[in-house]
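K.L.:
Got a predicted structure plus its sequence, pasted below:
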Amino acid sequence: MNLNFLGMGKYNAIKQNITQVVLIVFSVVLGLYLSERIEERKNKKASDNLLVKVKSEVKDNMKLVEYWSSYHKEIYINLDSLSRDEMFIEAFKEDKSIFYEKLLTRGSFMGIFPASDAWDIAKSHPLIVNFDYDKMVMLSKIYNQQKITFEPGMEMLKTLSSKDVNTEKDVRSNLVFMAESMHELVARENQLMNYYREAEEKLDLFIKLSVSELKSYAGNYWNEKDAFARKIYVKNDTLRYFRNEKSENTLMPISANEFKMINIASDVRVTFDNKEIRSMAVTIDGRKPEILNEFQPIVYTTNELTNFEGRYYNEEIDEFYSLKLEKSALTLYVNNSKKSPLKSIRNNLFLNDDYGTFQFSNDEEGKLSGFQLVDGQEKNLVFEKK
């Protein structure tokens, strides 16, 4: 009995020791695991901070190049023309300062060049291994392009500063070379800007705006020149650019009032101006912006819409357009084939997603006489009411 008791005591002691060892091992493993997770979080935070600084540098560089690239294009266009102008060539031979007067109209070639400090630091940091591969590729493309972009401009300035630049023997060839150098610079800047714009989405360079800030831009906007309307509204906490039921795009903020349209081939920027009459400027691939002013769509009663019903004829294209009131909306028929409804915009002005803008007019007695169709291609196509 005593032996059994002693044996049981040893068994319990061994069991207790094993349990303690297991707990110690588990505590050590858990501690190591937690330590690794904490270290991973610290590294993730540190690498995120590195990326934030690089992204900030890219955004600043993009604004810088955007500012100077239009100036460089202007220099190239003017220099290309002046390099064949005999009056300019003769004046340049006499005094090369005319080059600065006629071409470097901002007083310099370029104030400062794009920075690469944040990228250089990130590349040499061990935590760069935590960067997403696609983002690394994008950043490499940008900074490699930055490095070579302005070389032709430096060649142009080097030639300009040489003592033989305006000699009788070399003046024409030097002007042509400098024009070609500026042409190459403009081409490289265009490529760099394309990379920057690609990076806006891939690197998520967009800023955050509250829903209330986004809603401050919501509304209906009208382009008087080309007679078209756009609607801006908020959906799922993002701003939307609405053309019609089949076509709309998301607008992502790049500043407090400037947005980039995403998931579209062209580079489209939308800038809002909240003055007394709110407006938005739509810039496509850097061209002259289209200006749209906010308006409040007019709402017609069913009885008022019946005044627009009827058949309308255009002799030039030999077609009948008919308008019928269906489900409280004017529906367009072309040669008796049903198309789509018209939406009221302003007094006597309607918009159709497929055919364009219908501007109705009245005769001297105030009766509806017809409409003018504007579809962005056909101007002043007049239909008479029959």
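P.N.:
In hand now; what should we look at?

K.L.:
Poorly predicted segments of the stretch 201-350 of the chain, please.
P.N.:
Residues of the stretch 201-350 of the chain meeting the criterion pLDDT under 70: none.

K.L.:
again with the stretch 1-150 of the chain
P.N.:
1-44, 46-47.

K.L.:
In contact with T149, which residues are there?
P.N.:
T149 is in contact with 65, 185, 188-189, 191-192, counting by Cβ atoms under 8 Å, 6 or more residues apart in numbering. Every C-beta, even on glycine, is put in place using the N, C-alpha and C of the backbone.

K.L.:
Narrow the residues you listed to those in helices?
P.N.:
65, 185, 188-189, 191-192 (DSSP state H).

K.L.:
List buried residues within those residues.
P.N.:
Neighbour-count burial (16 or more other Cβ atoms under 10 Å) is assigned, among those, to 65, 185, 188-189, 192.

K.L.:
For the residues you listed, which two are the farthest from each other?
P.N.:
Spatially, the most separated pair among those is V65 and L185, at 11.1 Å (Cβ to Cβ).

K.L.:
What residues does T271 make contact with?
P.N.:
257-259, 280-281, 283, 289.

K.L.:
Following the chain onward from the helix or strand containing it, which element is next?
P.N.:
Counting by DSSP states H and E, the element that carries T271 is strand 268-273. Sequence-wise, the next helix or strand downstream of strand 268-273 (DSSP H and E) is strand 279-284.

K.L.:
Next, the buried residues of that next one.
P.N.:
Under the neighbour-count criterion of 16+ other Cβ under 10 Å, strand 279-284 has 280, 282-283 buried.

K.L.:
Note down every partner strand of that strand and its orientation.
P.N.:
Pairing partners of strand 279-284, with direction, according to DSSP bridges: strand 268-273 (antiparallel), strand 290-295 (antiparallel).

K.L.:
Let's have those strands in JSON lines, adding distance to N380.
P.N.:
JSON lines is the format used below for the strands paired with strand 279-284 (distance: least, Cβ to Cβ, whole Å):
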{"stretch": "strand 268-273", "distance to N380": "28"}
{"stretch": "strand 290-295", "distance to N380": "20"}
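
K.L.:
Now name the helix or strand holding the spatially most central residue of the chain.
P.N.:
Nearest to the geometric centre of the chain sits K260, at 3.0 Å (Cα atoms, centre = their mean). Using DSSP H and E, K260 falls within strand 258-261.

K.L.:
what residues go with each domain of the chain?
P.N.:
Using automatic domain parsing, the domains assigned to the chain come out as 57-202, 211-295, 302-385.

K.L.:
now these as CSV including distance to L50?
P.N.:
Shown next, in CSV, are these (distance: least, Cβ to Cβ, whole Å):
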stretch, distance to L50
domain 57-202, 5
domain 211-295, 22
domain 302-385, 47
